[in-house]
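[1] After the sequence you'll find the predicted model.
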Amino acid sequence: MSRMEVKMKTGQRVRVSEFAENPLEGVDKFLRIEEQVAPNPATLNAHDVIIEVKSAAVGWVDLLMTSGQYQHQPPLPYTPGLEYSGVIAWVGADVDDKFANVGDRVLVDGFVTGPRSPGEYQQYGGFATYAVAPINAIRKIPSGFSFDQACNLLGSYETAYHCLITCGQLQAGETVLIHGASGATGLAAVHIAKLVGATVIATGRSDKKLQVVKEQGADHIINCKSEDQKSGVRRFREEVKALTGGRGVDMVYDGVGGDISLESMRCVSFGARFLVVGWASTPFVAKGKGQRGAPNANMLPTNLIMMKGLKVLGCPTVISTQHDASIRPERLQKIMQWVEAGQLKPYISHTFPLSEIKSAMKSKWAGDVIGGCVVHPGASS
Ligand SMILES: NC(=O)c1ccc[n+]([C@@H]2O[C@H](COP(=O)([O-])OP(=O)(O)OC[C@H]3O[C@@H](n4cnc5c(N)ncnc54)[C@H](OP(=O)(O)O)[C@@H]3O)[C@@H](O)[C@H]2O)c1
């Protein structure tokens, strides 16, 4: 085998041909698996590498993108899979062997390559046997990490760090209420909040999933599922008050939105920080089919916000980093420090072969998953 190449064969890739009205329609109607001819090195840049993908994370953003609701729209058709990991199968002539060699186990940086990246690499998502990336998008997989863990590292933990630390300035000894705690970014937030010495109250709709969230570090869990089915969540302000000695929490990490946002504002201390992370419970607030606008935008109560002296902080990780790239190095350094110290490991509950991509995406959409959901384009990782 040469330093620069291993023999590549024909593989498979997922393609999205059209933006749908909503992600479920996108998965059912406009997403299909097709044969993938291995990328031809003669057509690539000298600073490129080809990766044989072993694992790709199935993220919420991968779902939103199928309907064009996400802030960034790759040109159609595209291969989804923002974050993936695998083995280098070819390196371009200008790639220094200090940085990458054929056979290296690597993960990619979704800011620089894949469907969310700005340039020519948007066409190469991780739901495929092969992907092409520029060398500056490649990172070695941390020792002790599986391919599955590697593709669930940057997106979720960078989001949790950006929200809790960069925006929220979470401090040791504070209490944070984390909604959607069983999700990819929510569970990462539980891990990071514990690492900085905060107390975590985690909410969710399933006792079984919440038990795992507790095993993963949450101090307290609250099942907020509505009993009467009339509203999205049941009242839980008394429980939170009881757990905080009547004060209420110092911070809310809200990845769920809708009814739970409102209930949260009744169990905060004066001057608390309210982090708007996402709205998993109201995914139809924005228009589908790649149109722009949010006819059903979520609403927050200004009376509660004022009387509680709440600091409501919008926390879009990618957009904030695009506005100010200087916020990223410290975040990456801290996350990698925790990883290297063995203090931070992504949790993955569901894996699927690529042939079951539709089931994988539907499981994620239905909220079946705890932490990460992964597809394997090739043999198992
Ligand atoms: N701010 C940022 O930079 C950023 C970055 C990435 C993602 N996000 C956003 O953050 C949110 C969560 O992302 P994620 O990747 O953590 O998603 P996820 O893994 O699917 O987790 C979302 C969690 O929300 C809970 N949930 C409550 N009501 C739900 C409903 N009606 N449908 C589905 N889930 C519901 C579920 O927990 P239970 O079943 O336990 O209730 C689920 O585990 C999304 O809105 C996403 O767009 C924001």
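    Received, thanks. Values in this document were obtained by computation on a predicted structure and should not be read as measured data.
[2] Stretch 29-44 - what's its average pLDDT?
    Here stretch 29-44 scores 96 as its mean pLDDT.
[3] Give me the contact list for it.
    Contact partners of stretch 29-44, identified using C-beta atoms under 8 Å, 6 or more residues apart in numbering, comprise 5, 8-20, 50, 66, 80, 90, 92, 128-130, 132, 354-355, 357-358, 361. Using the backbone N, CA and C atoms, a C-beta is placed for each residue, glycine as well.
[4] Those residues of this structure touching the ligand, which are they?
    With the criterion set to C-beta under 6 Å from any ligand atom, the chain comes near the ligand through 59-60, 159, 180, 182-186, 204-206, 209, 255-256, 277-281, 315-317, 364, 367.
[5] From those residues, which land in strands?
    In strands, defined here by DSSP state E, the members of the residues of the chain next to the ligand are G204.
[6] Restricted to buried residues, select the residues of the chain next to the ligand in PyMOL.
    Restricted to buried positions by 16 or more other C-beta atoms under 10 Å, the PyMOL selection for the residues of the chain next to the ligand reads:
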select buried, resi 59+60+159+180+182+183+184+185+186+204+205+209+255+256+277+278+279+280+281+315+316+317+364+367
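[7] residues in contact with the closest residue to G168 other than its chain neighbours?
    Nearest residue to G168 in three dimensions, chain neighbours excluded: R273, at 4.9 Å (C-beta to C-beta, 6 or more residues apart in numbering). By C-beta under 8 Å, 6+ apart, R273 lies in contact with 167-169, 250-252, 310-311, 313.
[8] R273 and the ligand, how far apart?
    14 Å (C-beta to the nearest ligand atom, to the nearest Å).
[9] Quick one: classify that residue as helix, strand or coil.
    Three-state call for R273 (DSSP: H, G, I helix; E, B strand; the rest coil): strand.
[10] which residues does it bridge with?
    M251, K311 (DSSP bridges).
[11] From F236, how far off is it?
    19 Å (C-beta to C-beta, to the nearest Å).
[12] Point me to the residue of the stretch 251-381 of the chain nearest the ligand.
    Closest to the ligand within the stretch 251-381 of the chain is G278: 2.3 Å, counting by C-beta to the nearest ligand atom.
[13] Leaving out the residues flanking it, which one is nearest to that residue?
    G255 (4.4 Å).
[14] Do I have it right that that neighbour meets L187?
    No. Assessed by C-beta atoms under 8 Å, G255 is found out of contact with L187, at 10.3 Å.
[15] if we can go back for a sec, any of the contacts of stretch 29-44 buried? List them.
    Here, 16+ other C-beta under 10 Å leaves 8, 11-16, 18-20, 50, 66, 80, 90, 92, 128-130, 132, 354, 357, 361 buried among the contacts of stretch 29-44.
[16] Which of those fall within strands?
    11-16, 50, 90, 130, 132.
[17] For those, name the two members farthest from one another.
    Farthest pair in these (C-beta to C-beta) is V16 and W90. Separation: 25.6 Å.
[18] if we can go back for a sec, wait, which of the ones in strands among the buried ones among the contacts of stretch 29-44 is closest to the ligand?
    V16 (17.5 Å).
[19] So what pairs up with the closest one in the strands?
    L31, Y78.
[20] so who does it touch?
    Contacts of V16 by C-beta under 8 Å, 6+ apart are 26, 30-31, 65-66, 76-80.
[21] next one: G180
    The contact partners of G180, by C-beta under 8 Å, 6+ apart, come to 186, 203-204, 254-256, 277-278, 280.
[22] just M251 next, same as before
    Per C-beta under 8 Å, 6+ apart, neighbours of M251: 164, 168, 170, 174-177, 198, 272-275.
[23] contact partners of stretch 187-197?
    Here stretch 187-197 has contacts from 156-157, 159-161, 163-165, 170-173, 176, 178, 181, 200, 202, 213, 216-218, 253, 255, 277, 338, 343-344, 346-347, 370-371, using C-beta under 8 Å, 6+ apart.
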